[in-house]
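Visitor: model the following, please.
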Amino acid sequence: MKYESLKEFIKRIGKSKSTINRFYKANPDLKEEIKEKGQGNKKHYPLSHAKYFSSELMFEENKLLLEDNRAMKNLIDCLMVKDSLPTSLCYLDWSFFVTVAYKHERNKKSCYRLMSGVYSALIEKYGVLAEIRMVFNAEPNSNRDGYHNHFALYVSDKTLHNAINSDIQAYFNGNRIEIEPYDKYKAGIHYISKGGLNGEDWDILGNRLGNIKKAA
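Guide: Numbers count the residues shown, from 1 in each chain. As a prediction, this is how the structure comes out:
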């Protein structure tokens, strides 16, 4: 947990010292999270407490919680349809979950071309060495126009993972990119398919897809 001094905390939340003191007097459980440190044991306040002084921050947190609840409901509904494509994809092995937030505004078609481009680059370099599978979607940005991409990637040969990680970073150089080892408990495949697998928002690509088929 990160902390900051009273002066910094006041500047962050735009409230007076007396307002802060009244809040913690009414919420002793939160007051216990305040720490005394540094010269003179001055009080330092958790940055996470700033949300309690801002209706806007509380709204954003509640909105995210609501979205998480909806995502969980959609996941359960999805898993109940045993023959659906999202359910089938959930049971496959995946190596990475990647998010690409573009520096410049991108529409769906542009996002699709970039996803196809990075897949083609990986296949050209590693396709004879490993099974490579990718599923992606394009999602609207929440704070500006345009779209960003999420994709899950499977590479059968784990010795190639570091090199492929570097290649993806290089391919999207100049944009904000997050690459994580795929965690099945975070249901990344479901997140990708939450809007429905149809239209130009998504695709599944692979050099050994076998019986995996698209379902609109």
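Visitor: so what's the nearest residue to G146 once chain neighbours are set aside up against?
Guide: In space, G146 comes closest to E105 once its chain neighbours are excluded; the distance is 3.6 Å by C-beta to C-beta, 6 or more residues apart in numbering. The C-beta positions use only the backbone N, C-alpha and C, and glycine is treated the same way. Counting by C-beta atoms under 8 Å, 6 or more residues apart in numbering, E105 makes contact with 144-146.
Visitor: name the residues that touch stretch 22-29?
Guide: Against stretch 22-29 from outside (C-beta under 8 Å, 6+ apart): 30-31, 34, 52-53.
Visitor: buried residues of it, list them for me.
Guide: Buried residues in stretch 22-29, counted by 16 or more other C-beta atoms under 10 Å: 23-24.
Visitor: CA atoms only: put it into PDB for me.
Guide: Below are the C-alpha coordinates for stretch 22-29, written out as PDB (Å, rounded to 0.1, in the frame of the first residue of the first chain):
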ATOM      1  CA  ARG A  22     -14.000  14.200  10.700                       C
ATOM      2  CA  PHE A  23     -14.000  11.500   8.200                       C
ATOM      3  CA  TYR A  24     -11.500   9.300  10.100                       C
ATOM      4  CA  LYS A  25     -13.300  10.000  13.400                       C
ATOM      5  CA  ALA A  26     -16.400   8.600  11.800                       C
ATOM      6  CA  ASN A  27     -14.500   5.600  10.300                       C
ATOM      7  CA  PRO A  28     -12.100   4.300  12.900                       C
ATOM      8  CA  ASP A  29     -11.500   1.100  10.900                       C
END
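Visitor: and whichever strand or helix holds S110, what other elements does it pack with?
Guide: S110 is located in helix 108-126, with elements delineated by DSSP states H and E. Packing partners of helix 108-126 (3 or more C-beta pairs under 8 Å, 6 or more residues apart in numbering; DSSP states H and E): strand 132-140, strand 147-155, helix 161-171, strand 202-206.
Visitor: swap the cut-off to 6 Å and go again
Guide: Packing contacts for helix 108-126, counted by 3 or more C-beta pairs under 6 Å, 6 or more residues apart in numbering; DSSP states H and E, involve strand 132-140, strand 147-155.
Visitor: what about A187, neighbour count?
Guide: Neighbourhood size, A187 [other C-beta atoms under 10 Å]: 19.
Visitor: ok, it to A152 distance?
Guide: 11 Å (C-beta to C-beta, to the nearest Å).
Visitor: ok, the closest residue to R106 other than its chain neighbours to G14 distance?
Guide: Distances taken as C-beta to C-beta, 6+ apart place G146 nearest to R106, at 5.1 Å, with adjacent residues excluded. According to C-beta to C-beta, G146 and G14 sit 31 Å apart.
Visitor: thinking again about what came up before, hang on, the residue nearest to R106 packs against K103?
Guide: No: applying C-beta atoms under 6 Å as the test, G146 and K103 come out as separate, 10.4 Å apart.
Visitor: the two: which is more packed in?
Guide: Shown here are G146 and K103; by other C-beta under 10 Å, G146 has more neighbours (16 against 9).
Visitor: for that one, give me the pLDDT.
Guide: G146 carries a pLDDT value of 90.
Visitor: sorry, back to before: now the residue nearest to R106. Its backbone dihedrals?
Guide: phi 100, psi -170 (degrees, to the nearest 10).
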